[in-house]
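Participant: Kindly return the folded structure for what I paste below:
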Amino acid sequence: MIFFCKSFFLSCLLIASALFICAEEMDDMPSISDLVSLHIENNNGQYNLNNLSSIYANGRILYFDTEETVERSFRIYKKRPNKYRSYYETKMGKELLQLEVIYNGTEAIQILSHGGREVYREKLEGEALESVKFEAKMEGPFLLASENPDFLTVKGYDMIEDQKCILLSLDEQSPYPYRNIWLNADNYQEIKFDRYISDDQGGLLLEEVYFKNFNTTQNVLFASRMDKDIDGKRKFSTFIDSFEVNYGLFDSLFSVPDELSLDSVVE
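Facilitator: Numbering: from 1, shown residues only. Take a look at the predicted model:
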């Protein structure tokens with residue numbers, strides 16, 4: 001009993017010390033506005049972000065399946081304020097399967113081609129259109145979420161793969177789909193976010209996205225690798241092989257054909 005009492009008082013002391021340390025850490029925690037400033041500062045300043053007019057990226061995506069790993073190549077073009085075009089290509093034997101998406105800032109279409117021949121095209125509406133609108137944004141998860149700071153809460157420090165991070169939580173009322181965002185405590189860039197997505201049966205799955213291998217191109221900091229886990233299992237790994245900014249993209253690249261017919265030209 002004496003030993004128990006000593007252990008009990010020692011435990012209370014340790015808990016009190018831990019609570020005191022946590023309270024001190026929370027007192028030192030930057031505010032949302034401070035984090036926004038630090039995030040922008042570590043991305044070479046607001047002037048640099050304001051002058052970012054377009055981006056072009058290409059690379060590979062590895063899809064991990066129970067039987068095999070499928071590799072797809074991609075090219076993505078974005079132009080402010082809200083234009084987007086992408087190509088995703090998969091080798092099917094000796095032929096190429098290509099999915100193309102074009103968004104002109106108002107409407108979007110997707111075009112599927114097989115072996116260089118267009119198979120079908122369709123106008124995107126509803127959730128599919130909203131998804132493309134979201135993809136067209138250049139801002140990362142944190143800057144998007146910080147547009148509504150009332151829905152964003154600093155929860156404290158956390159560790160992601162041995163990296164100290166600042167954990168931010170989003171309210172369900174936020175217009176953006178994120179649940180939590182982790183910022184690297186060194187450069188204040190996103191290192192992870194998670195969110196719930198729907199499965200084919202209407203259930204919810206936890207999607208976790210990790211950002212790795214940061215590089216700088218023309219003063220723009222970007223993650224050259226992204227890993228995506230769904231319900232704790234690795235499903236995708238994206239590798240950016242080339243990243244260009246202010247690429248000089250013409251608006252014609254994002255033109256949506258007036259007639260959604262198979263006779264339209266496919267690039």
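Participant: Low-confidence stretches in the stretch 1-150 of the chain?
Facilitator: 1-27 (pLDDT under 70).
Participant: for it, what spans make up the strands?
Facilitator: 54-64, 69-79, 83-92, 95-103, 108-114, 117-124 (DSSP state E, counting those that start in this stretch).
Participant: Show me the one of those that comes nearest Tyr157.
Facilitator: strand 54-64 (30.9 Å; CB to CB). All C-beta atoms are positioned from the backbone trio N, CA, C, and that covers glycine.
Participant: Which neighbouring elements make contact with that closest one?
Facilitator: Helices and strands touching strand 54-64, by 3 or more CB pairs under 8 Å, 6 or more residues apart in numbering; DSSP states H and E, are strand 69-79, strand 233-245.
Participant: at 10 Å what do you get?
Facilitator: Here strand 54-64 touches strand 69-79, strand 83-92, strand 220-230, strand 233-245, going by 3 or more CB pairs under 10 Å, 6 or more residues apart in numbering; DSSP states H and E.
Participant: Which of the ones you listed sits closest to Glu161?
Facilitator: strand 220-230 (10.2 Å).
Participant: Report the strands that pair with that closest one, each with its relative direction.
Facilitator: strand 204-217 (antiparallel), strand 233-245 (antiparallel) (DSSP bridges).
Participant: Next, the angle from it to strand 54-64.
Facilitator: 30 degrees (axes from the mean of the first three to the mean of the last three CA atoms, to 10 degrees).
Participant: Show me which positions of strand 220-230 end up buried.
Facilitator: Neighbour counts over strand 220-230 (16 or more other CB atoms under 10 Å) mark 220-224, 226-229 as buried.
Participant: now for those, which pair is the farthest apart?
Facilitator: Counting by CB to CB, the most remote pair of the buried residues of strand 220-230 is Val220 and Asp229, 26.4 Å apart.
Participant: What is the burial count for the closest residue to Leu204 other than its chain neighbours?
Facilitator: Nearest residue to Leu204, sequence neighbours excluded (CB to CB, 6 or more residues apart in numbering): Tyr196, at 4.6 Å. Tyr196 has 12 neighbouring residues, counting by other CB atoms under 10 Å.
Participant: End to end on stretch 50-69, go ahead and measure it.
Facilitator: 39 Å (CA to CA, to the nearest Å).
Participant: my guess is Met29 meets Gly156, correct?
Facilitator: Yes. Taking CB atoms under 10 Å as the definition, Met29 is a contact partner of Gly156 at 6.8 Å.
Participant: Can you pull the residues that touch both of those two?
Facilitator: Ile166 (CB atoms under 10 Å, 6 or more residues apart in numbering).
Participant: beta partners of Gly59?
Facilitator: Where Gly59 sits in a bridge, its partners, by DSSP bridges, are Phe74, Ile240.
Participant: give me every residue that touches it.
Facilitator: Contacts of Gly59 (CB under 10 Å, 6+ apart): 72-76, 224-226, 238-243.
Participant: hang on, the earlier thing: now do the residue nearest to Leu204, the pLDDT please.
Facilitator: Reading off the confidence values, Tyr196 has pLDDT 93.
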